[in-house]
Every structure is written in C-alpha cells, then in structure tokens.
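Peer 1: pasting the sequence and the predicted model now:
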Number of protein chains: 2
Amino acid sequence: MKAMMTKEMTLHDFFLHELGDAYDCETQLTHALADMSAAATSPELKKALAMHLTETKAQVVHLDQVFDELGIKAKGKHCAGMAGIIEEGKDALNGIQPASVLDAAIVTIAHRAEHYEIAMYRSLITIGDTLGLSQPVTTLKMILKQEEAADAMLTSLGVGINKKAFAETPVHA
Amino acid sequence: MKAMMTKEMTLHDFFLHELGDAYDCETQLTHALADMSAAATSPELKKALAMHLTETKAQVVHLDQVFDELGIKAKGKHCAGMAGIIEEGKDALNGIQPASVLDAAIVTIAHRAEHYEIAMYRSLITIGDTLGLSQPVTTLKMILKQEEAADAMLTSLGVGINKKAFAETPVHA
C-alpha cells in the first residue's frame, strides 16, 4: 500500500466516515436484494429476500435519522466492500442452472452480504458507545438485530435449499 | 443484471466453485494482513494480526489438502468480495492520523474481512454436509473456528483501542 495524503481524523470523524459507508452499503443492497429476490425460485427464499428488502429500505431511512440526530446531512461514501460482494453475486446469478443450485448460490451470497453488515454495525456500535452517542447507538442496535435475524433466516432456509439442490443434481465429481 | 451464458452446475460443482473462492480469499488476505500488521501501532493489535497471518498461511495449505482429498488441483477463483473489502481497507490505511484512530480503523476492516470469511466457511460447511463430504467438512470447521477466534480477539482488542483513540481525539462534531 503506497503512502498517500495524510488524513487527520478524530474517532468521531471516523464514526461519521463509517456511517457514510453503512448508508451506501444499504443503498447498494436494496438493488441487489431486489435482483436476488427476482432470481430466486424457492418461494420461501423469494419471500425472505423480499421481506429483508423492505427492512433494508427502512434501514436507509433510520440511518438518515442518525445523521439528522448528529446534526449533519446524510451522505453515502462508496462502500467498495459491499460493491465487491454484489459483483461476486452477479457472477453467481448470471445464469446458474438448474434453479435449485441457483437458489443455493443466492443463499451463500446473501449470507456474505449480511455478515459483512453485521461486522460493520458491531464496529459502529462499539465506536458509538465509546463516543457516548446513545441515541444513534440505539438505532444502530435495532438495525443490527434485523441483520442478525435475516442471517438466521438464511441459515435456516439454506439447509432445505441445499438438500433440494443435491437431490436434483446428485452427481459427485 | 443482464442474462449471460447459462452455467449448468451440480451442487458439487458449486461447492468446488466456492472452495476456489475461499482459496483466493485467503491468499488475498495474507497480503492484506501483512500490510495491516505493519501499519498497526498498538503492540497487541500488531501481534494479533501477525498471529492470524500465520494461521491464514496455514489455512491456504489446509485448503490445498481439501482440494487434494477431492482429487482435484487447488485453484483459486478471483474473490471480488474480499478484493472489495481489501480496497476499502487500503482507503482507511492510506495515512489516517493519529495512530490511535488508524488502529481503530484497522480493527474495523479486519472485522469485516473475518466476518466475510465466517459467512463463506459456514456456507461451505452446510453444503459440504449436504454432499456428505465428511473429511473436507472437518478441515473447514477447523478453519472456521480459527476465523471465529480471530474475530473474537478483534472484538476484545477493539474496546481498548477505541477508548485510546477517543482519549487522544476527544472532539465531537
């Protein structure tokens, strides 16, 4: 990694930087979840992704409120991590067949996206706690709970989806 | 997402595809962990990252063994997700000052990388279980435990690192 311009930052600046990252992350995910939900063929998976899409859209609004509480304008900062995960997902979604294996692929990519977000919110909460930002932390904890619930739902759906995919493609290499 | 060539895949093919992804992911991470460990200033964080770098190098060897057990040549498949997370990290590492805030930034990016891997290995284990690949699953579970331990260590270190960063930059916006 090459040295570039030094960025003087307080921990509070870094918190805002990460909040902007989360904002962009959720915005990117609304598009990706819509694509994944449209591509999924398992009705349960389709429904779970659509439900989480609704939650994700609300999370963008909640993050807006957090920016508001901090007295600054909501502003996304390009999240290269989520962009990479979505690129990874596009590769999987682009025509994997049969549908049961495509569903298994969608579960794995959605898992990665959720886990990335879980790590992101846990860090934001720890830093927000240190900074004494109690109201933003309360909102971030609520969002984190939704991400953890979405992840748990994917885990639970994944087992049946993988079984179906194996039953339909019972070939070993 | 535009339609491209259809890829006929069994669940076993998809498992191998994901294994190639994990292989590339760990290889990318060996370089990133070396950079993060070099940039960190907290002695505990530096040590934790260096320890996990040693583990990560061993994980590449373990993944080689998994490929071997499956009778195929180890082959990485570019993992865009991890590449994005590392790009995100480079942005943070490029000169954040003071050192205490840089350390806080390193913890958050390492967290994201570990969580991404945790999701990846959990999916691989669930699919491997479905496919009845008991030996590869045992190795993958061992690697997953190391990732979870690295994540827990980062969580534990993060609290003190954030407190130090706040003490040194006590400014609110």
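Peer 2: Received it, and whenever you're ready, just let me know what you need.
Peer 1: need the pLDDT of the residue of chain A found nearest chain B.
Peer 2: With C-beta to the nearest C-beta as the measure, residue A:84 is the residue of chain A nearest to chain B, at 1.9 Å. C-beta: built from backbone N, CA, C; applies to glycine. As predicted, residue A:84 sits at a pLDDT of 94.
Peer 1: what are the phi and psi values for it?
Peer 2: Main-chain torsions, residue A:84, degrees, to the nearest 10: phi -70, psi -40.
Peer 1: repeat for residue A:41
Peer 2: According to degrees, to the nearest 10, residue A:41 has phi -110, psi -30.
Peer 1: the residue nearest to it when sequence neighbours are not counted and residue A:39: what is the separation?
Peer 2: Distance criterion C-beta to C-beta, 6 or more residues apart in numbering or on different chains; nearest residue to residue A:41, sequence neighbours excluded, is residue A:99 at 4.0 Å. Taking C-beta to C-beta, to the nearest Å as the measure, residue A:99 falls 9 Å from residue A:39.
Peer 1: those two: who's more crowded?
Peer 2: Per other C-beta atoms under 10 Å in any protein chain shown, whichever of residue A:99 and residue A:39 has more neighbours is residue A:39, with 22 against 15.
Peer 1: how near is that one to residue A:15?
Peer 2: Counting by C-beta to C-beta - residue A:39 and residue A:15 are separated by 36 Å.
Peer 1: what helices and strands are in contact with the longest helix anywhere in chain A?
Peer 2: If you go by DSSP state H, chain A has its longest helix at helix A:134-168. Applying 3 or more C-beta pairs under 8 Å, 6 or more residues apart in numbering or on different chains; DSSP states H and E, we find helix A:134-168 packed against helix A:43-69, helix A:99-131, helix B:11-39, helix B:99-131.
Peer 1: quick one, the first one and helix A:99-131 angle?
Peer 2: Read it as helix A:43-69. 20 degrees (axes from the mean of the first three to the mean of the last three C-alpha atoms, to 10 degrees).
Peer 1: now the last one
Peer 2: Here the directions of helix B:99-131 and helix A:99-131 differ by 150 degrees (the same axes, to 10 degrees).
Peer 1: show me what helix B:99-131 is packed up against.
Peer 2: The contact analysis (3+ C-beta pairs under 8 Å, 6+ apart) places helix B:99-131 against helix A:11-39, helix A:80-93, helix A:99-131, helix A:134-168, helix B:11-39, helix B:43-69, helix B:80-93, helix B:134-168.
Peer 1: pLDDT of that helix, averaged?
Peer 2: 96.
Peer 1: got the angle for it vs helix A:11-39?
Peer 2: 20 degrees.
Peer 1: now the first one
Peer 2: Using the same axes, to 10 degrees, the inter-axis angle of helix A:43-69 relative to helix A:11-39 is 150 degrees.
Peer 1: circling back: now render the helices and strands packed on helix A:134-168 as TSV, adding distance to residue B:47.
Peer 2: As requested, the helices and strands packed on helix A:134-168 are exported to TSV (distance: least, C-beta to C-beta, whole Å):
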stretch	distance to residue B:47
helix A:43-69	34
helix A:99-131	20
helix B:11-39	8
helix B:99-131	13
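Peer 1: so which of those is nearest residue A:23?
Peer 2: Among the helices and strands packed on helix A:134-168, helix A:43-69 comes nearest to residue A:23, with 4.9 Å by C-beta to C-beta.
Peer 1: report the angle between the axes of the closest one and helix A:134-168?
Peer 2: If you take the same axes, to 10 degrees, helix A:43-69 sits at 160 degrees to helix A:134-168.
Peer 1: helix A:43-69 close to chain B?
Peer 2: No: judged by C-beta under 8 Å from any C-beta of the partner chain, helix A:43-69 stays clear of chain B, getting no closer than 10.9 Å.
Peer 1: now that helix: average pLDDT?
Peer 2: What helix A:43-69 shows for mean pLDDT is 96.
Peer 1: so how far is stretch A:35-45 from its chain's centroid?
Peer 2: 16 Å (C-alpha atoms, centre = their mean, to the nearest Å).
Peer 1: again but with stretch A:56-63, I slipped
Peer 2: With C-alpha atoms, centre = their mean, you get 12 Å for stretch A:56-63.
Peer 1: try stretch A:10-25
Peer 2: With C-alpha atoms, centre = their mean, you get 16 Å for stretch A:10-25.
Peer 1: for residue A:8, which residues count as its bridge partners?
Peer 2: residue B:97 (DSSP bridges).
Peer 1: quick check: it touching residue B:102?
Peer 2: No: between residue A:8 and residue B:102 no contact is recorded; they are 10.9 Å apart, counting by C-beta atoms under 8 Å.
Peer 1: between those two, which is the more surrounded one?
Peer 2: residue B:102 (24 against 11).
Peer 1: not counting residues beside it along the chain, what's closest to the more buried one?
Peer 2: In this structure, residue B:102 finds its nearest non-sequential neighbour in residue B:96, 4.4 Å apart by C-beta to C-beta, 6+ apart.
Peer 1: surely residue A:147 meets residue A:114?
Peer 2: Yes: checked against C-beta under 8 Å, the pair residue A:147 and residue A:114 is within contact range at 5.5 Å.
Peer 1: one step back: what do residue A:99 and residue A:39 both touch?
Peer 2: Common neighbours of residue A:99 and residue A:39 are not found (criterion: C-beta atoms under 8 Å, 6 or more residues apart in numbering or on different chains).
Peer 1: what distance separates the longest helix of chain A from the middle of the whole chain?
Peer 2: 10 Å.
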